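Undergrad: structure of the sequence below:
(one chain, ligands or ions: 1)
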Amino acid sequence: MKKKANKTIDQLRRFESRNITFIEPDGSWPIVWERAKGMRVWDDSGREYLDFTAAFAVAAAGHANPRIVVAGQRQMAKLLHAMGDVHPHALKAELARELSRLTFERLAKQIGKTIFCSSGFEAVEAALKTAHLATGRTRVIAFEDAYHGLGYGALNATWRSNFRSPFRRQIGGFTSFVPFPRVKADLAKLEQRLAAECRKHKVGAILVEPIQGRGGTNIPPAGFLKLLRKVCNQHGALLICDEVYTGFGRTGRWFASEHFGVMPDLLCLGKALTGGFPLSACVGSVEVMDRAWPESNGEAIHTSTFLGHPVGCAMAIASLRELELRKLPARSAEMGQLFLGELKRLAKRIGRARCRPRGLGLMLALELFYDDSTPAADIALSVIKRLLKDGFILLPEGDPANILAFTPPLTVGKSHITKLIRSLGRALEEVYA
Ligand SMILES: Cc1ncc(COP(=O)(O)O)c(C=O)c1O
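TA: Residues are numbered from 1 along each chain as shown. Below you'll find the predicted structure:
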């Protein structure tokens, strides 16, 4: 059995481009996934793991949720592919209608219009294009530590230099980065900074993750989004909330922006939208979308071959129904509170200077430090590897990657959390011994 895993890894080494799959020479990373169900993943030697990542926060209703799988299978047998912006299929219209209902109709009593895409970064790029067309302005304000994906458009607004710098001579550089506030006291300075940027440039949009994900589960102070809304209104810019990570219940509400009582002009959605098919969406208020985009005269100026893929749409409709019927956003809030309580207890035992938990809903993190308060990225990595050996799948985040992220399926049970906390406690005691 072990041989099979080695064959996969060996083939990847030989035939996949470098710089994609990270492979440890000692065989400790990665595992080769063979199947998954709910919280559980099996590798190709039959070993079982609990997945505390939901595979990048995608499997919100659990891996291979049977109702989502059946919806996808039926659709595959019926219509596997249609013609994006040309001859449509019914589910594309139905999903656009559903997204309008869940977003702008529910929260702002107006219609929302959708552009479908495949990946999260494309949804961000569709929003950036929309903002440019709607305002006629080129400048975008984004935040330090932001992650908006790696396409040439989105990359302009993704903060980390190791993603941007190899390509800096080709990307446009239309973004001004400002600090992401951590506490209320940061807001006054931020307001001044935003006003200065708006005076200096013709700002068309502020692009923001309401809670930063890959940047380290960073939760802003209460007035943050309201401040952005105010600045956008004052200066005629659009507010784009990138909820690719936080959307569909991850933080205990359907959308993280709801925690802050703010309605953006444009929402970027992806990941959990389908529970496992590459489909994403940029949803905007009807006013902004119609201002930005002219009627098509037969040649859409923004489209792609797989736009509104029928299988993705069928899965998304099933996934939204599953999230709604099982009240998974509320469950995320409830289980998240319990999980955060456990992480806090654990942090107290290991030492609060070393372990700092935070999070909202089931978007949780434990930030690790050395005793001299410097970020402990290598400790985080060794804990993650140790937990993989114990049968738990986790990922680090932040820069440096000293943060353990916990984003399990929203169906996670108490017993899964208890098991993880027990193993995590043992691993932390060992590394900090
Ligand atoms: C907030 C946010 N936006 C955009 C993206 C990019 O999505 P994708 O990797 O599907 O392009 C991500 C991915 O992690 C994300 O977290």
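
Undergrad: which parts of the stretch 101-250 of the chain are strands?
TA: Secondary structure of the stretch 101-250 of the chain (DSSP state E, counting those that start in this stretch): strands located at 112-117, 139-143, 175-178, 203-208, 238-242.

Undergrad: any idea which of those strands gets closest to the ligand?
TA: For the ligand, the closest of those is strand 238-242, at 4.6 Å, according to C-beta to the nearest ligand atom. In this view, the C-beta of every residue, glycine as well, is placed from N, C-alpha and C.

Undergrad: helices of the stretch 301-433 of the chain, start to end?
TA: Read by DSSP state H, counting those that start in this stretch, the stretch 301-433 of the chain holds these helices, from start to end of the chain: 310-325, 328-350, 377-390, 414-431.

Undergrad: got CSV for those helices, with mean neighbour count and distance to residue 100 too?
TA: Compiled in CSV, these are given as follows (neighbours: other C-beta atoms under 10 Å; distance: least, C-beta to C-beta, whole Å):
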stretch, mean neighbour count, distance to residue 100
helix 310-325, 23, 12
helix 328-350, 18, 18
helix 377-390, 18, 40
helix 414-431, 16, 35
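
Undergrad: returning to that earlier point: what's the closest of the strands of the stretch 101-250 of the chain to residue 324?
TA: The minimum distance between residue 324 and the strands of the stretch 101-250 of the chain falls on strand 112-117, with 16.8 Å, by C-beta to C-beta.

Undergrad: and that closest one, what other elements does it pack with?
TA: Applying 3 or more C-beta pairs under 8 Å, 6 or more residues apart in numbering; DSSP states H and E, we find strand 112-117 packed against helix 90-100, helix 120-135, strand 280-285, helix 286-292.

Undergrad: CA-only coordinates of the first one in PDB, if you can.
TA: Translated: helix 90-100. Written as PDB, here are the backbone C-alpha positions of helix 90-100 (Å, rounded to 0.1, in the frame of the first residue of the first chain):
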ATOM      1  CA  ALA A  90     -32.000  26.800 -16.400                       C
ATOM      2  CA  LEU A  91     -29.800  26.200 -13.400                       C
ATOM      3  CA  LYS A  92     -27.600  29.200 -14.100                       C
ATOM      4  CA  ALA A  93     -30.700  31.500 -13.900                       C
ATOM      5  CA  GLU A  94     -32.000  29.600 -10.800                       C
ATOM      6  CA  LEU A  95     -28.700  30.000  -9.000                       C
ATOM      7  CA  ALA A  96     -28.400  33.700  -9.900                       C
ATOM      8  CA  ARG A  97     -31.900  34.100  -8.400                       C
ATOM      9  CA  GLU A  98     -30.900  32.200  -5.300                       C
ATOM     10  CA  LEU A  99     -27.800  34.300  -4.800                       C
ATOM     11  CA  SER A 100     -29.800  37.500  -5.100                       C
END
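
Undergrad: need the winner for burial among the helices and strands packed on strand 112-117.
TA: Using mean count of other C-beta atoms under 10 Å, the stretch among the helices and strands packed on strand 112-117 with the greatest mean number of neighbours is strand 280-285 (a mean of 26).

Undergrad: and the contacts of that one?
TA: Counting by C-beta atoms under 8 Å, 6 or more residues apart in numbering, the neighbours of strand 280-285 from elsewhere in the structure are 99-100, 103-104, 108, 110-120, 122-124, 126-127, 130, 244, 265-271, 273, 292.

Undergrad: for that strand, output the C-alpha coordinates as CSV.
TA: In CSV, the C-alpha atoms belonging to strand 280-285 read as follows (Å, rounded to 0.1, in the frame of the first residue of the first chain):
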residue,chain,number,x,y,z
SER,A,280,-17.5,31.3,-7.9
ALA,A,281,-19.5,34.5,-8.2
CYS,A,282,-19.4,38.2,-8.0
VAL,A,283,-22.7,39.5,-6.8
GLY,A,284,-23.5,43.2,-6.9
SER,A,285,-26.5,45.5,-6.3
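
Undergrad: who does it pair up with?
TA: Strand pairing for strand 280-285, using DSSP bridges, gives strand 112-117 (antiparallel), strand 266-269 (antiparallel).

Undergrad: now, of those strands, which is deepest in the fold?
TA: Among the strands paired with strand 280-285 - counting mean count of other C-beta under 10 Å - the highest mean neighbour count belongs to strand 266-269, which has a mean of 30.

Undergrad: could you dump stretch 121-138 to CSV, C-alpha only?
TA: Output for stretch 121-138, consisting of C-alpha atoms alone and laid out as CSV, is shown next (Å, rounded to 0.1, in the frame of the first residue of the first chain):
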residue,chain,number,x,y,z
PHE,A,121,-9.6,35.1,-7.7
GLU,A,122,-11.8,35.4,-10.8
ALA,A,123,-14.7,36.6,-8.7
VAL,A,124,-12.4,39.3,-7.2
GLU,A,125,-11.3,40.3,-10.7
ALA,A,126,-14.9,40.5,-11.9
ALA,A,127,-15.6,42.8,-9.0
LEU,A,128,-12.6,44.9,-9.8
LYS,A,129,-13.7,45.2,-13.4
THR,A,130,-17.2,46.1,-12.3
ALA,A,131,-16.0,48.8,-10.0
HIS,A,132,-13.8,50.3,-12.7
LEU,A,133,-16.6,50.3,-15.2
ALA,A,134,-19.1,51.7,-12.7
THR,A,135,-16.9,54.5,-11.5
GLY,A,136,-14.5,55.1,-14.3
ARG,A,137,-11.7,55.1,-11.8
THR,A,138,-8.6,53.0,-11.6
